[in-house]
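Student: Have a look; sequence and predicted model below, questions after that.
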Amino acid sequence: MRYLLRRGGFFLLTLWAALTLNFFIPRFMPGSPLDALRIRTKDKLSTEALAQMLTAFGFKPNENIFVQYWDYLGHMLTGQWGISIGGTLGQPVSEIVMHALPWTLGLVGVTTVIAFLLGSLIGVLAGWRRGGKLDSVLPPIFVITSALPYFWVGLLLILVFSVWTNGWLPSDFNYDTSLQPSFSWEFIGSVLQHAVLPAATILITSIGGWILTMRNNMITTLAEDYVRMGRAKGLSGWRVMTTYAGRNAFLPNLSGFAMSLGFVISGSILVEYVFNYPGLGYLLYNSVVGTDYPVMQVLFMLFTVAVLFALIACDVAIAWLDPRARTEG
Amino acid sequence: MTALLVSNAAAENDDGPRRRGGLWTSFRHSRKAMIGLVIFAVFTVAALFPGWFTSVDDPNALQFAPALPPSWDHLLGTTALGQDIWAQLVYGTRESLIIAVVAGLFATVLSALVGISAAYLGGIGDEVLSMITRIFLVIPTFPLIIIFATYAGKGTLLVVLIVLVVTGWSYGANQLRAQTLSLRNRDFLESARVRGERRSYIIVAEVLPTMISLLVANFLGAALYSVLTAAGLQFLGLGNPNSISWGTMLYWSQNQQALQTGMPLWSIAPGLCVALLGTSFALMNYAFDEISNPALRPVRRRRARRADTAGH
């Protein structure tokens, strides 16, 4: 119970810290973005609309800063995210975000989970056959791939599979724009085809880290007495590998997964940018270029929330896999 | 919970501290480490003496015919704007390397400060510091950096450095805290306390030296993070577009559609340099992991099956 409270407190605190950064960064930076915003929107919006927008943005010049802050927190949490002031001037932020969200979840979310599970599996095998073929070839390779810049791998793939092969695989957007979104095979095929290169980029650059940490955990775990016990009992190698060693070695990897999701998100922003893939990362880039502050702050909040959700999911998974985590309460 | 996170490096280098002279020897005998070191050395020479590698003095000047293919005069051709790609690459080394080393160094110092004092203070101080550490670990830093750099008015070098340090220290702090905690009740520290040494003395003279390999590993990790993040930031156009660095080259090549207009070298070459520098840090880091944790060392002889059950 105490553990749950601590974890819950941690999540709330992190969310609060992210929101607070969001609130204070624009206010304490040189060259007040607020003025820029006023100038930008002077002739495009009526004074009323401007006032409404500023309110949604959290700026009420006549109010005490703490009152502003309190209102801002309330607006963020209840989804009153204001309206865009960038290229999509006047559109509600929530609408823009909801438009981009499924694409990122589909591409980045699915690919990341696949990379993690596949990487862990390969890591188990590599660590199990210590000194075998897999174990001597893989580590150096994956040390290198995990140091590659995401966007550069994307550029290479575009060069090889799109430019040199005359557009064999598409290098930008999420589907062929001549198609109407529908549940037809043609459309789904087009979506999948457009996802191949960006997904491959994320997979190539992120899988190495999981393989390496899983292999190292596996090696440490294999030295444990309970593994020797399993062997002594004459259990099959497969059984010892999966339920004795693998399951225990997987635990630290799982919490590592939750912790490094921030990095994955970072890389994905660049991948979406390289491939003009209209997800949240690309949206963030566009909002930065168009100095669209309301969109920026909502996106940052959402990224934080996404990581926190992943943390919770991993906590649950760990509690399910590890009886010790359940009883330690 | 936190103990689980520091899977390899922190927990098991119990045998490391005693043989400080051995650190360099083991480093020298690791092929991965040496490859990493050589790459790093080559880049360092290029950063210090760019004039040795190219005759072009001002790589940003638009002084050649645009979009020339590679030739003896222009090893990698010229950009769509008429600059020598090879010269830009050579001169760009300096800024990329400075970012990596300086940001890596300061991030390591900050993580040592926070991590060690958290473990040493204990109680409420530890609670607060490790809470802050974990929050910084979890918050997605790249979006934060992007937003920060936008508000700070498209980063000068200083802004980029500050942002990298502020966002890059938390992982190391977490590791160092765990390591310090595991040391706290060791005999040699107990005896220092009994001798009546001051706290600051104990931390600097007794605790820090035992963590050199971990600190180096942290530095390499932070440097790797800084190289990749800075390149990404500049690639998006959030660095100083007039500076000479690999990330800025990538920005301009993307800006001019280098891939689609038949000048792939313009964007592939600087990306390769970023990747090489990153690889050099990653290789050295991995070698340090192997040095501090003997169980991870490559198995050389055929007695592999037996060795892995024996442990260490």
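Tutor: Looks like it arrived, so ask away.
Student: Only C-alpha atoms from now on, for both contacts and neighbour counts.
Tutor: Noted.
Student: quick one, strands of chain B?
Tutor: In chain B, no strands are defined using DSSP state E.
Student: Which residue would be the closest one in it to chain A?
Tutor: residue B:140 (4.2 Å; Cα to the nearest Cα).
Student: burial of the residue nearest to residue A:163 when sequence neighbours are not counted, as a residue count?
Tutor: Spatially, and ignoring its direct neighbours in sequence, residue A:163 is nearest to residue B:260 (6.6 Å; Cα to Cα, 6 or more residues apart in numbering or on different chains). Residue B:260 has 14 neighbours, counted by other Cα atoms under 10 Å in any protein chain shown.
Student: Phi first, then psi, for residue B:260.
Tutor: In terms of degrees, to the nearest 10, the main-chain angles of residue B:260 are phi -80, psi -20.
Student: Check the burial of the closest residue in space to residue B:43 that isn't next to it in sequence by counting its neighbours.
Tutor: Leaving aside its chain neighbours, residue B:43 sits nearest to residue B:93 (6.6 Å; criterion: Cα to Cα, 6+ apart). Close neighbours of residue B:93, defined as other Cα under 10 Å, add up to 24.
Student: tell me the pLDDT at residue B:93?
Tutor: Predicted confidence (pLDDT) for residue B:93: 90.
Student: Isn't it up against residue B:245?
Tutor: Yes - counting by Cα atoms under 8 Å, residue B:93 touches residue B:245, with 6.4 Å between them.
Student: And residue A:329, what's its pLDDT?
Tutor: Per the predicted model, pLDDT is 45 at residue A:329.
Student: Residue B:175 now?
Tutor: Looking at residue B:175, its pLDDT is 84.
Student: hang on, isn't it packed against residue B:114?
Tutor: No - counting by Cα under 8 Å, residue B:175 does not reach residue B:114; the two are 10.7 Å apart.
Student: who has more neighbours, those two?
Tutor: Comparing residue B:175 with residue B:114 by neighbour count (other Cα under 10 Å), the higher total belongs to residue B:175, at 27 against 24.
Student: and residue 98, how many neighbours?
Tutor: Assuming you mean chain A. Neighbour number of residue A:98 under other Cα under 10 Å is 12.
Student: Actually, chain B is the one I wanted.
Tutor: The number of residues packed near residue B:98 is 17, by other Cα under 10 Å.
Student: And for the one 4 residues further on?
Tutor: Residue B:102 has 19 neighbours, counted by other Cα under 10 Å.
Student: same question, the one 5 residues further on
Tutor: For residue B:107, the number of neighbouring residues by other Cα under 10 Å comes to 30.
Student: so who does the residue of the stretch 201-329 of chain A found nearest chain B touch?
Tutor: Nearest residue of the stretch 201-329 of chain A to chain B, counting by Cα to the nearest Cα: residue A:262, 4.2 Å away. By Cα atoms under 8 Å, 6 or more residues apart in numbering or on different chains, residue A:262 lies in contact with A:307, B:137-142.
Student: after the helix or strand encompassing it comes which helix or strand?
Tutor: Using DSSP states H and E, residue A:262 falls within helix A:247-274. Later in the chain than helix A:247-274, the nearest helix or strand by DSSP H and E is helix A:280-289.
Student: Roughly how far does residue B:214 sit from residue B:136?
Tutor: Relative to residue B:136, residue B:214 is positioned 20 Å away (Cα to Cα, to the nearest Å).
Student: from what I can see residue B:163 touches residue B:144, true?
Tutor: No - checked against Cα under 8 Å, the pair residue B:163 and residue B:144 is beyond contact range at 9.1 Å.
Student: what's the pLDDT at residue 255?
Tutor: Answering for chain A, as no chain was given. At residue A:255, the predicted lDDT confidence score is 79.
Student: Not quite, go with chain B.
Tutor: Note on residue B:255: pLDDT of 82.
Student: what about it, how many residues close to it?
Tutor: Neighbourhood size, residue B:255 [other Cα under 10 Å]: 12.
Student: One more: residue A:289?
Tutor: Residues lying near residue A:289 (other Cα under 10 Å) number 15.
Student: that older thread, which one of residue B:214 and residue B:136 is surrounded by more residues?
Tutor: Ranked by neighbour count (other Cα under 10 Å), residue B:214 and residue B:136 place residue B:214 first, with 23 against 20.
Student: re the thing from before, between residue B:163 and residue B:144, who's got more neighbours?
Tutor: Shown here are residue B:163 and residue B:144; by other Cα under 10 Å, residue B:144 has more neighbours (24 against 21).
Student: ok, back up a step: give me the distance between the residue of chain B closest to chain A and residue A:260.
Tutor: In this view, residue B:140 and residue A:260 are 9 Å apart by Cα to Cα.
Student: Tell me which of these two has more neighbours.
Tutor: Remark: of residue B:140 and residue A:260, residue B:140 carries more neighbours, 28 against 16, as counted by other Cα under 10 Å.
Student: ok, and the closest non-adjacent residue to that one?
Tutor: Once flanking residues are discounted, residue B:140 sits nearest to residue A:262: 4.2 Å by Cα to Cα, 6+ apart.
Student: ok, how many other residues are close to residue A:296?
Tutor: By other Cα under 10 Å, 24 other residues sit near residue A:296.
Student: Close to chain B: what parts of the stretch 101-250 of chain A are there?
Tutor: Residues of the stretch 101-250 of chain A lying close to chain B (Cα under 8 Å from any Cα of the partner chain) are A:130-131, A:136, A:140, A:143-144, A:147-149, A:151-152, A:155-156, A:159, A:163, A:216-217, A:219-220, A:222-224, A:228.
Student: you'd agree residue B:282 is up against residue B:224?
Tutor: Yes - counting by Cα under 8 Å, residue B:282 does reach residue B:224; the two are 6.8 Å apart.
Student: Determine the residues that are contacts of both of those two.
Tutor: Common neighbours of residue B:282 and residue B:224 (criterion: Cα under 8 Å, 6+ apart): residue A:147.
Student: quick one: contacts for residue 265?
Tutor: Just so you know, I chose chain A. Applying Cα under 8 Å, 6+ apart, we find residue A:265 in contact with A:108, A:303, B:140, B:142.
Student: right idea, wrong chain: chain B
Tutor: Residue B:265 makes contacts with B:76-77, as judged by Cα under 8 Å, 6+ apart.
Student: try 10 Å this time
Tutor: Residue B:265 sits next to B:69-70, B:76-79, B:85-86, B:253, B:258-259, B:271-272 when contact means Cα atoms under 10 Å, 6 or more residues apart in numbering or on different chains.
Student: Contact partners for the residue of chain B closest to chain A?
Tutor: Counting by Cα under 10 Å, 6+ apart, residue B:140 has contacts A:18, A:259-266, A:300-307, B:167.
Student: Recalculate using a threshold of 8 Å.
Tutor: Residue B:140 makes contact with A:261-263, A:265-266, A:300, A:303-304, A:307, according to Cα under 8 Å, 6+ apart.
Student: Make a markdown table out of these and add pLDDT.
Tutor: Converted to a markdown table, these look like this (pLDDT from 0 to 100):
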| residue | pLDDT |
| --- | --- |
| A:261 | 77 |
| A:262 | 74 |
| A:263 | 74 |
| A:265 | 79 |
| A:266 | 78 |
| A:300 | 86 |
| A:303 | 87 |
| A:304 | 86 |
| A:307 | 85 |
